[in-house]
Structure formats: C-alpha cells, structure tokens
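>>> Sharing a sequence plus its predicted fold:
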Amino acid sequence: MNRRIFLKNLSKSVVFVPLLIKDLSANIIQNNTHETNNSFDIEPDIYLDNKDKYDLLSVRNKLKLIQRHVGYGNFNLISFDRMIKVAKYSSKIQRFNKKELEFLESIFYYNPSSHGFFGHRISSNITDIIKLKEVIKIPRTGHYLFKGQPEKTYHEMKKDIGNTIILTSGVRSIVKQTKLFIDKVYKTKGNLSVASRSLAPPAFTYHSIGDFDVGKKGYGYANFTERFALTQEFLEMKKLNYIEMRYTVNNKDGVRYEPWHIKVI
Ligand SMILES: [Zn+2]
C-alpha cells in the first residue's frame, strides 16, 4: 500500500464530507432503514488505522506463505493455534510477533458496525477449531462441506441441476476468513467499509457453520459477480426453490447482493 495514496484517501473520506450531506444521511437513517442508507452510500467510508498498515502487510504475507505451506485445501480448515505453530517451525515464514498477533486479535474481536457492517457475530473465540470428523472433502474442488444438511443440500443441487453446478467455497476456518478479509482490505487500500460489503470480517461468516458458495463450471471469476444470477444454473436453483439466499438485494447486514451464496443454517 502506498502511503501517499493511503493518506489521500483518508483525508478525502474524513475531512471533506460536507456537513449538509451528513445531516441528510442522519434524516434518512431516522426515517428509513439501513438498506436505504446503504443504497444512497453517503456515509463517509471508514479506513484502517494508519498504525495498523504495516501489520496488515506482514500478516498478509505470512498467511500467504502458510497457505502455500499447508496447501489450499487444508488451509480452508486451519485453526489459529495451528497457524501459529506452522509459522513458528518454518524458517521461511517465521513466528508471528506480538504486534501481528494483536492485529489478528483486533480484527477478530472488533465491532464492524462502526464501518457499516451489521451482520451477526458467528464465532466468539479466535481459537475455535473445525473438527475433521464434522466435514467432508468435496473432490476436485479444494473445498469442504459440513456433514449433514450442507452436504445433503449440495448433493441434491447436483442431482437436480446437473454437474455444471460446482462448489466454489465451502467451510472456512477463522484463519481462512481472516486471510480473505485481509486480502480484501489490502485490495481496497484499507477501506473497511467497501471491503466488508463484499466480505464478512473474520468472526462474522456463515461459512464457518454451514453456508457455502456455488457457481457454474468454467465460469471463473464471474461466479462471484451478479452475472451468476443470469446463468441457467441460477435460474434452476431459484425454480427448484430449495435454497434460500443469505444476501439478497439491499439486505440489512450491509453486504452486497450475493446470488451464489447458499444459506443453510
Ligand atoms: Zn459465501
């Protein structure tokens, strides 16, 4: 992240918000609901504190190396304690220092409603683990599903819609969600408001308890855009009506419309 760009964005969002617009947004919140406020998008965006910038970069790099070390599939399940051990015993990665650990804890335990994310906290303890016996690996996807309802739903979808529907993201441990969130914050140059609209902060994902994402085979990145809602696979999913969408248009959580995300829990 470039320091100048970072500061420029920071000043743009905090200093130059006209008072008039702030007052207007206050009225809208009073008279309507959160989603109205989100769709107007006039609240100033909130950025990562400048002092956390270097920890974000070093933690991001370590998580990338750990994912490479344990493999993409295993990384979906890795616990916080295991992450620390892997780093400690690899001379290439090196142990997490105190500041990095504090940063990891702070992005797990903070309250993201301060930057417009209103979803429910799903995980309460950063060291929560996913038991191997509770999940099943889905061949050729690099992803896992929880046994029981999620696995059943997925297989029903395959049977009813066909093999062109695929699992694009299943069970995510706290560490996995942390990596995805940090990558998103990095990509948005520290803009927490924008990042959390497309990715839940580490403790707030339903992927840690059963939800999963599906896509169309061979559709690549478009599976994670609204274009997925135009596919035959999606139309079938809707028609067959055994799934319920978690993140609809203008949802109250402050998350973008996600037609590919299957609500199980
Ligand atoms: Zn999802």
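Yep, that arrived.
>>> Rounded mean pLDDT for the longest helix anywhere in the chain, please.
Counting residues, the longest helix in the chain under DSSP state H turns out to be helix 53-70. When pLDDT is averaged along helix 53-70, the result is 98.
>>> Which SSE is immediately downstream of that helix?
Next along the chain after helix 53-70, taking DSSP states H and E as the criterion, comes helix 72-75.
>>> Convert that next one to PDB, retaining C-alpha atoms only.
Included here for helix 72-75 are C-alpha records, laid out as PDB according to Å, rounded to 0.1, in the frame of the first residue of the first chain:
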ATOM      1  CA  TYR A  72      -5.000 -24.700  -0.400                       C
ATOM      2  CA  GLY A  73      -7.500 -27.400   0.800                       C
ATOM      3  CA  ASN A  74      -6.000 -27.800   4.300                       C
ATOM      4  CA  PHE A  75      -5.900 -24.000   4.700                       C
END
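>>> got the buried residues for that helix?
Within helix 72-75, the residues that qualify as buried by neighbour count (16 or more other CB atoms under 10 Å) are 74-75. In this view, the C-beta of every residue, glycine as well, is placed from N, C-alpha and C.
>>> Against which helices or strands is whichever helix or strand comes after that helix packed?
For helix 72-75, the succeeding helix or strand toward the C-terminus, using DSSP H and E, is helix 80-88. The contact analysis (3 or more CB pairs under 8 Å, 6 or more residues apart in numbering; DSSP states H and E) places helix 80-88 against helix 53-70, helix 174-187.
>>> who does the residue in the stretch 151-265 of the chain that the ion sits nearest to bridge with?
Here the stretch 151-265 of the chain gets closest to the ion at one residue, H261, 3.7 Å apart by CB to the ion. Here H261 sits in beta bridges with D213, going by DSSP bridges.
>>> Doesn't S91 belong to a strand?
No - secondary structure assignment places S91 outside any strand; it is coil (DSSP: H, G, I helix; E, B strand; the rest coil).
>>> quick revisit: quick check, the residue of the stretch 151-265 of the chain closest to the ion in contact with T205.
No - because the distance of 10.1 Å does not satisfy CB atoms under 8 Å, H261 is recorded as not touching T205.
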